[in-house]
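> Give me the fold of what follows.
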Amino acid sequence: MAEQMGDNKKHTSGQDASVKRPDVPIHKPRDSLLSNSSGFNNYRGFLNLCIVLLAMSSSRLVLENLIKYGIIMDPIKWFSVFLQDPYSWPNFTLLILLNGFILYAFWLEKLMLKAYIQERTMTVLVTLNVMTVFIFPVIVILYYKPNPVGSFASLGTYSIAFLKLISYAAVNKWCRDAQSSTSKKSKKSANSSDDSLSRNSPRRHSTPQPRKRVTNRRRSEGSNEEANGEQAELVEYPNNLTLNDMCYFMMVPTLCYELNFPRTKRIRKRFLIRRIIELVFLVQLCLCLVQQWIVPTVLNALAPFTSLDTKRMLERVLKLAVPNHICWLIFFYSFFHSWLNVLGEVTKFADRNFYQDWWNAETISYFWKNWNIPVHKWCLRHLYFPLRSKGVDQQKAQIIVFLVSAIFHEYLVSIPLQMFRLWAFGGMLAQLPLVKLTSKVKGHWGNVLVWLSLIIGQPVAVLMYFHDYYVMHAAINVNGTSTTP
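You can find the predicted model right below:
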């Protein structure tokens, strides 16, 4: 106790001495805030500064564009292009004819249910149908040469139908297989019970058990509820083979078929109106940005790409990167959030998981898994897992999925433009080494690499395709003058 009191007296006397120092000390050992050892991590002001600088830089680009080109955007021009061009109507005809392939797929399922055809014949007919859906629009577009924008829309619709028809046929086959195995088990159990009954009481005969129906129970808990709160009855195979069920599947915003989709109780009118307003506004905004910003930049990039001027090519790519990426972000929000939610709300489809936080992706693989959830689910369910079940190792299965994705990217770009340059295909294959690179880097710098691949990679592909498209449709000399045919 005496020692503690002595220490306290020394401490108090030390404090009194420091207070009574004539120089009034105000310094103590401290690290600078920007040092890692300081422990300070609140840099919100710098984030606000970056936002202000970005806004000022973007404003300057807008003013520069208006001063140089004037107001050249015309929203009505997009509609006049389709209405005045008679060769744009084949795309509308394609969309009407698509219903025939859908009805044919439904008819095949009915024939299979009534045992008019065998399983092998069914597989051949389904394969021919889906391959026709994939090839038929290509033949029409290459023959009639319609408007590229309309061709892209019709090809996109056919691609969605292609994936949906594969899922529809696959799930119904799974149900038939499960039903067949269940009936075989019930027959075996019935035969064994017959044998035991015949031994015990020969005059008694067992009644065959009714065939069990297959039910797809993969749905959200409590999603199939009626307005009165009671749980709706699950649809069982083959009760799902109705025209209404087929049409509903073709309308809902998913590529994977189920017998029982999660459903909402009602349509939220205010939510639906907001999404429609967003969709109309963002589509018009994107079209105006393309007319006012992207088209002049791309046209001015033709001469450097023709003369292979490396410095000017790089300058054009960087100049195109900003408006191209803005349009890409607008497309993502308008399609994956606005449009798919409109479809989901109208059809009362409850699973609105159309995307995840891909913007936080630290690896390329995480980005591709989360930016387009409907396609990712389809690839897992009908491509990746079947390959894995057949003994294909994980890396080869992933490469095959990337190859299929690359083929579809090239399919959606080359066919509408009516030329084959494989830039989209090569760009998708270039993702494979980036997958390995970002998987090793990860973290903050991994996210930076993901953003760079998105911001820089797309403008390069756009310029390459536009350059080749323009060369095909115009005579360009080295001096930069052009003569349209």
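> Pass me the low-pLDDT residue ranges in the stretch 1-150 of the chain, would you?
For the stretch 1-150 of the chain, the stretches with pLDDT under 70 are 1-20, 79, 81-88.
> what ranges do the helices span in it?
2-19, 44-69, 75-84, 89-113, 119-144, 148-200 (DSSP state H, counting those that start in this stretch).
> how far away is residue 166 from residue 257?
9 Å (C-beta to C-beta, to the nearest Å). Yep, even glycine has a C-beta here, placed from its N, CA and C like the rest.
> I should have written residue 34 there, sorry.
56 Å.
> got a list of contacts for the host helix or strand of residue 426?
Assigned by DSSP states H and E, residue 426 falls within helix 423-429. With contacts defined as C-beta atoms under 8 Å, 6 or more residues apart in numbering, helix 423-429 is touched by 402-403, 405-407, 409-410, 412-414, 457, 460-461, 464-465.
> Show me what secondary structure element comes after that helix.
helix 431-441.
> quick check: mean pLDDT across that next one?
For helix 431-441, mean pLDDT is 86.
> Run the chain-centre distance for it.
20 Å (C-alpha atoms, centre = their mean, to the nearest Å).
> Compute the first-to-last residue distance for stretch 63-75.
Terminal residues of stretch 63-75 are spaced 20 Å apart (C-alpha to C-alpha, to the nearest Å).
> Now that stretch: buried residues?
65, 73 (16 or more other C-beta atoms under 10 Å).
> Check stretch 319-329 too.
319, 320, 321, 322, 323, 324, 325, 326, 327.
> Can you redo those residues as TSV, where the extra columns are pLDDT and secondary structure?
TSV is the format used below for the buried residues of stretch 319-329 (pLDDT from 0 to 100; DSSP: H, G, I helix; E, B strand; the rest coil):
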residue	pLDDT	secondary structure
319	83	helix
320	83	helix
321	84	helix
322	84	helix
323	86	helix
324	86	helix
325	87	helix
326	89	helix
327	89	helix
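> So which of the helices of the stretch 1-150 of the chain is nearest residue 243?
Closest approach to residue 243 among the helices of the stretch 1-150 of the chain (C-beta to C-beta): helix 89-113, 6.4 Å.
> same for the closest one, what does it pack against?
The contact analysis (3 or more C-beta pairs under 8 Å, 6 or more residues apart in numbering; DSSP states H and E) places helix 89-113 against helix 119-144, helix 148-200, helix 243-251.
> Quick one: residues contacting residue 312.
303, 304.
> Spell out which helix or strand contains it, please.
helix 310-332.
> next one: whichever helix or strand comes after that helix to chain centre, how far?
Beyond helix 310-332 on the C-terminal side, the first helix or strand identified by DSSP H and E is helix 340-346. Per C-alpha atoms, centre = their mean, the displacement of helix 340-346 from the mean C-alpha position of its chain is 16 Å.
> Check which residues of helix 340-346 are buried.
Those would be 340, 341, 342, 344, 345, for helix 340-346 by 16+ other C-beta under 10 Å.
> Tell me the helices and strands packed up against it.
helix 269-289.
> what's in contact with the helix it packs on?
73, 75, 78, 323, 326-327, 330-331, 333-334, 337-339, 341-342, 345-346.
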